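[1] sequence isn't available, so here's the structure alone:
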């Protein structure tokens with residue numbers, strides 16, 4: 001079988017597993033929400049509401065039905081793309097996610113870019129002198145940034161750059177004194193498309209601190225991955241053969257060692273998307289960033305079953321798509337990958 005057919009078969013098998021993974025995730029979050037302590041009716045009406053009112057609301061929301069019937073109804077709507085209505089405001093869950101998702105994607109893309117540039121630069125800086133000062137500093141940077149608690153790092157940076165120095169806003173996504181740009185929901189892109197410098201600077205100033213915080217926390221993953229794989233690549237036989245031909249060390253590193261070391265880092269980048277979502281939850285809450293992670297935290301506190309389920313399913317679908325795309329890209333770039 002040719003490599004092209006092997007790659008297509010591999011892609012088909014990965015894509016075929018994606019719906020199964022999403023079904024398992026959706027089923028798990030459905031069960032965990034209903035097994036967890038707390039009642040959505042209490043969150044909506046309070047514990048002192050009359051029992052008749054509570055029973056009427058429970059019937060209206062379908063919470064008085066057997067668990068199996070609720071599950072069948074939920075999965076049936078999900079198969080048709082219907083994520084239901086939010087219990088708190090009866091707004092379609094799909095609309096809430098569509099309004100919040102661009103904010104999270106904008107934050108995530110910028111943070112991931114910062115993490116990749118910073119992490120790869122630090123990881124590459126110590127390669128000239130292994131076990132030297134730069135290499136040791138890079139190792140400490142990789143371990144330290146990965147181990148920092150996100151909420152603590154966010155509050156420290158808020159105190160320094162927002163409260164102490166006053167350079168950046170404490171939180172929020174856009175200045176209250178300026179009308180936000182309309183369009184895709186990606187404020188940087190929309191403001192550039194509209195040609196508004198004031199809107200662009202306003203969106204950028206609010207984005208810098210949360211994106212840099214999240215990027216700093218994730219950069220250690222790239223630092224450690226590049227350092228480990230580049231050192232392994234430079235110790236391989238084909239690099240030694242290049243050195244024996246009289247090639248300079250700089251050319252050996254850039255032309256032979258680095259390209260092979262970056263392929264595993266690309267896989268790490270796909271896995272980092274999942275870490276990005278976990279870190280974004282605490283970052284969005286700390287900076288009052290109106291993304292899906294922030295809405296997820298609010299929905300959990302309100303026991304809003306449909307909104308929690310919808311956000312988790314949509315985010316899980318994005319993670320699955322990104323990881324499958326990265327796996328296929330690595331398999332296409334690296335002929336050594338077997339299927």
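    That came through fine. These numbers come from a predicted model, not from an experiment.
[2] any idea how far the helix or strand harbouring residue 76 is from the chain center?
    Per DSSP states H and E, residue 76 falls inside helix 67-79. Its chain's C-alpha centre and that of helix 67-79 lie 28 Å apart, by CA atoms, centre = their mean, to the nearest Å.
[3] downstream of that helix, the next helix or strand is which one?
    Tracing the chain past helix 67-79, the next element assigned as helix or strand by DSSP H and E is helix 93-125.
[4] next SSE after that next one?
    helix 133-147.
[5] circling back to that earlier point, so for the helix holding residue 76, mean pLDDT?
    What helix 67-79 shows for mean pLDDT is 85.
[6] may I see the buried residues of that helix?
    By neighbour count on 16 or more other CB atoms under 10 Å, the buried set for helix 67-79 is 70, 71, 74, 78. All C-beta atoms are positioned from the backbone trio N, CA, C, and that covers glycine.
[7] for that helix, name the packing helices and strands.
    In terms of contacts (3 or more CB pairs under 8 Å, 6 or more residues apart in numbering; DSSP states H and E), helix 67-79 is packed against helix 3-35.
[8] the helix it packs on vs helix 67-79, what angle?
    Interaxial angle of helix 3-35 relative to helix 67-79 (axes from the mean of the first three to the mean of the last three CA atoms, to 10 degrees): 140 degrees.
[9] so what's the gap between helix 3-35 and the chain middle?
    The gap between where helix 3-35 is centred and where its chain is centred comes out at 18 Å by CA atoms, centre = their mean.
[10] quick one, what contacts residue 295?
    96, 97, 100, 307, 311 (CB atoms under 8 Å, 6 or more residues apart in numbering).
[11] residue 26 too?
    74, 75, 78, 309, 312, 313, 316.
[12] could these be laid out in JSON lines, adding distance to residue 159?
    Putting the contacts of residue 26 into JSON lines (distance: CB to CB, whole Å) gives the following:
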{"residue": "74", "distance to residue 159": "43"}
{"residue": "75", "distance to residue 159": "46"}
{"residue": "78", "distance to residue 159": "43"}
{"residue": "309", "distance to residue 159": "36"}
{"residue": "312", "distance to residue 159": "32"}
{"residue": "313", "distance to residue 159": "37"}
{"residue": "316", "distance to residue 159": "34"}
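[13] so residue 172 sits in a helix?
    No: counting by DSSP: H, G, I helix; E, B strand; the rest coil, residue 172 falls outside a helix, being coil.
[14] any idea how this protein splits into domains?
    Here the domain parsing of the chain from automatic domain parsing is 20-82, 97-333.
[15] of those domains, which approaches residue 10 most closely?
    domain 97-333 (6.1 Å; CB to CB).
[16] what is the mean pLDDT for the closest one?
    On average, domain 97-333 scores 80.
[17] off-centre distance for it?
    For domain 97-333, the distance to the chain centre is 8 Å (CA atoms, centre = their mean).
[18] ok, the contacts of residue 295 vs residue 40, which is closest?
    Checking those against residue 40 by CB to CB gives residue 307 as the nearest, at 10.5 Å.
[19] buried residues, the helix or strand where that closest one lies. List them.
    Following DSSP H and E, the helix or strand that holds residue 307 is helix 305-333. By 16+ other CB under 10 Å, the buried positions in helix 305-333 come out as 305-320, 322-324, 326-328, 331.
[20] neighbouring contacts of stretch 101-109?
    So stretch 101-109 is contacted by 173, 184-188, 207, 210-211, 214, 273, 276-277, 280, 283-284, 289-293, 314 (CB under 8 Å, 6+ apart).
[21] one more time with 7 Å
    Contact with stretch 101-109 is made by 173, 184-188, 207, 210-211, 214, 276, 280, 289-293, as judged by CB atoms under 7 Å, 6 or more residues apart in numbering.
[22] pull out the buried members of the residues you listed.
    Buried members of these, counted by 16+ other CB under 10 Å: 173, 185-188, 207, 210-211, 214, 276, 280, 289-293.
[23] circling back to that earlier point, so what does the helix holding residue 307 touch, helix or strand wise?
    Helices and strands touching helix 305-333, by 3 or more CB pairs under 7 Å, 6 or more residues apart in numbering; DSSP states H and E, are helix 3-35, helix 93-125, helix 258-286, helix 292-301.
[24] would you turn those helices into CSV with distance to residue 82?
    CSV is the format used below for these (distance: least, CB to CB, whole Å):
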stretch, distance to residue 82
helix 3-35, 13
helix 93-125, 8
helix 258-286, 23
helix 292-301, 17
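[25] tell me how far the nearest residue to residue 40 once chain neighbours are set aside lies from residue 39.
    Leaving aside its chain neighbours, residue 40 sits nearest to residue 303 (4.0 Å; criterion: CB to CB, 6 or more residues apart in numbering). Residue 303 sits 7 Å away from residue 39, going by CB to CB, to the nearest Å.
[26] the more surrounded of the two?
    residue 303 (20 against 13; other CB atoms under 10 Å).
[27] would you list the phi and psi of that one?
    The phi/psi pair for residue 303 (degrees, to the nearest 10) reads phi 60, psi 40.
[28] is it true that it touches residue 38?
    Yes: here residue 303 lies in contact with residue 38, judged by CB atoms under 7 Å, at a distance of 5.1 Å.
[29] can you count the residues close to residue 36?
    For residue 36, the neighbour count with other CB under 10 Å is 9.
[30] follow-up on the earlier one: and the buried ones among the contacts of stretch 101-109, which is closest to residue 83?
    Among the buried ones among the contacts of stretch 101-109, residue 292 lies closest to residue 83 (CB to CB), at 12.4 Å.
[31] I appreciate the help and will end here.
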